[in-house]
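Chemist: Could you look at this predicted model? Sequence included:
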Amino acid sequence: MNPQHRDYPQSAVPSNSTLTSHTVTFNRVKGFTLVELMIALVLGLLISAAALQIFYTSSVNSRRQEASSQIQDNAIFGFSQIQQHLRRANYGAKSTSAYDEFFMNHLTPQGGVVLTAPSGTGTPVSWLQGNLSGLVLNGKAVPAALLSSNASGNSISNIDGITNSDQLTIQYRSDRTGTFDCEGTAIPEGFYVIERYFVRMDTTVTPNAPGLACASAIYDYDESVAGSPTGMDIKEYIVPGETAGTANNLAGTGTIIIPNVDYFRAKLGISSSRDFATDPQNLDIAYIPIPTTTNFTTALSARRIVSLQIGILARSDNPTATPQTNSELAFTVLDKSNVKLNSAAVNGPTYLRNVYETTVLLRNARGGL
């Protein structure tokens, strides 16, 4: 047998078989060139940068608007309430042998702006002296630290070179039911209330921040008790219809009525003019800082207190995103011009700050002779 020859089964060889060839064609797929990718990348970065700038600007504006709303909600509402209370000052003031009840100054018993109180000295002791005539606190003379004062030791400040804010103490009589003192306590009809406004640290917020606070005392004036050797103690009062006494808070920490206040300033509007209504062209009013005890006679003896000016430097609750630093800020609060923040405030967050001022005419202060 020929080794090169093999017999295959007939079934293994298809009849009429045809050999078919298949050709595979590959299509070239085009991509981006390096230059095109770089151009697309640059355009994408430019669009992203513009979008980020718009987002940042919107965020800054939103935070400033939020901060502005915070100041308005806190300061303007609280400021409006203070004005209402200041207008009541002088109501219920009593007359003296020298002046009628409308000539309100440091000598007026139960006078509106509280500048003086009985000293508790002399033999026998006479409590019928000063604006808080007949009143004592915890059996002793009312401390001078609770009276109106220029740069009071009770009132802190965030202003450079001004260690303390002012303290303003007023009093008035409630002539109807449904009135409330600065701490939100109902004042019985016919009762007097003393309100002390000052700046203190608010420990209820984190971090702690200064705020304008008010502490108050309510009393029912009894002339016979006020003129007694013991005087009339205002540590508490009894609400009509009740037997237990309600404690007063005049010497306490009071209630924060305007949060985030860096500085508080008060000035007295004084005048020696008479006949305000019939001779207005000769009206003469001067605004002075709250005088010291040694200056009462010079500043006030021949003058009445007819109005008050108050101003605050308030700030927002939350910091704002701004390129301006705290060291660049300067403010004018009444007679304090171009004052800057102290080092503690400068080193703190950048808040939105604004000054609010008002002039309040005291009730009935222009009447009398």
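Modeler: Good, I have the coordinates.
Chemist: Need the residue closest to the centroid of the protein.
Modeler: The chain has residue 258 as the residue nearest its centroid, 3.2 Å off, counting by Cα atoms, centre = their mean.
Chemist: Show me the beta-bridge partners of it.
Modeler: Beta-bridge partners recorded for residue 258 (DSSP bridges): residue 212.
Chemist: Next, the contact list for it, please.
Modeler: 74-75, 78-79, 82, 211-212, 312, 314 (Cβ atoms under 8 Å, 6 or more residues apart in numbering). For every residue, glycine as well, the C-beta is placed using N, CA and C.
Chemist: run the last query once more with 6 Å
Modeler: If a contact means Cβ atoms under 6 Å, 6 or more residues apart in numbering, then residue 258 has 74-75, 78, 212 as its contacts.
Chemist: among the residues you listed, who's most crowded?
Modeler: residue 212 (28 neighbours; other Cβ atoms under 10 Å).
Chemist: any idea how far residue 182 lies from residue 348?
Modeler: For residue 182, the distance to residue 348 (Cβ to Cβ, to the nearest Å) stands at 28 Å.
Chemist: and these two? which has more neighbours close in?
Modeler: Neighbour count, other Cβ under 10 Å: between residue 182 and residue 348, residue 182 has more, with 22 against 15.
Chemist: just checking, that one touches residue 213?
Modeler: No - contact between residue 182 and residue 213 fails when scored by Cβ atoms under 6 Å: they sit 9.0 Å apart.
Chemist: Among the contacts of residue 258, name the ones in helices.
Modeler: Among the contacts of residue 258, the ones falling in helices (DSSP state H) are residue 78.
Chemist: which one of the contacts of residue 258 is nearest residue 363?
Modeler: Set against residue 363, the nearest of the contacts of residue 258 by Cβ to Cβ is residue 78 (20.6 Å).
Chemist: For that closest one, which non-adjacent residue is spatially closest?
Modeler: residue 258 (3.6 Å; Cβ to Cβ, 6 or more residues apart in numbering).
Chemist: Check what pLDDT residue 242 gets.
Modeler: For residue 242, the pLDDT comes out at 91.
Chemist: which SS state does it fall under?
Modeler: Under DSSP: H, G, I helix; E, B strand; the rest coil, residue 242 falls in the coil class.
Chemist: So residue 357 is in contact with residue 311, correct?
Modeler: Yes - applying Cβ under 6 Å, one finds residue 357 in contact with residue 311, separated by 4.0 Å.
Chemist: These two: which has the busier surroundings?
Modeler: Between residue 357 and residue 311, counted using other Cβ under 10 Å, the more crowded position is residue 311 (22 against 14).
Chemist: ok, now which ones touch that one?
Modeler: Counting by Cβ under 6 Å, 6+ apart, residue 311 makes contact with 265, 333-334, 357.
Chemist: Tell me which helix or strand it sits in.
Modeler: Taking DSSP states H and E as the definition, one finds residue 311 inside strand 304-319.
Chemist: Partner strands of the very next helix or strand once past that strand, with direction?
Modeler: Using DSSP H and E, the helix or strand that follows strand 304-319 towards the C-terminus is strand 331-333. Strands adjacent to strand 331-333 in the sheet, as given by DSSP bridges, are strand 336-339 (antiparallel).
Chemist: residues making contact with the partner strand?
Modeler: With Cβ under 6 Å, 6+ apart as the criterion, strand 336-339 contacts 159, 330-331.
Chemist: Please export the C-alpha coordinates of it as CSV.
Modeler: Taking C-alpha atoms only, strand 336-339 is exported to CSV below (Å, rounded to 0.1, in the frame of the first residue of the first chain):
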residue,chain,number,x,y,z
LYS,A,336,-18.7,108.9,70.7
SER,A,337,-17.2,109.4,67.2
ASN,A,338,-15.2,107.0,65.1
VAL,A,339,-14.7,104.5,67.9
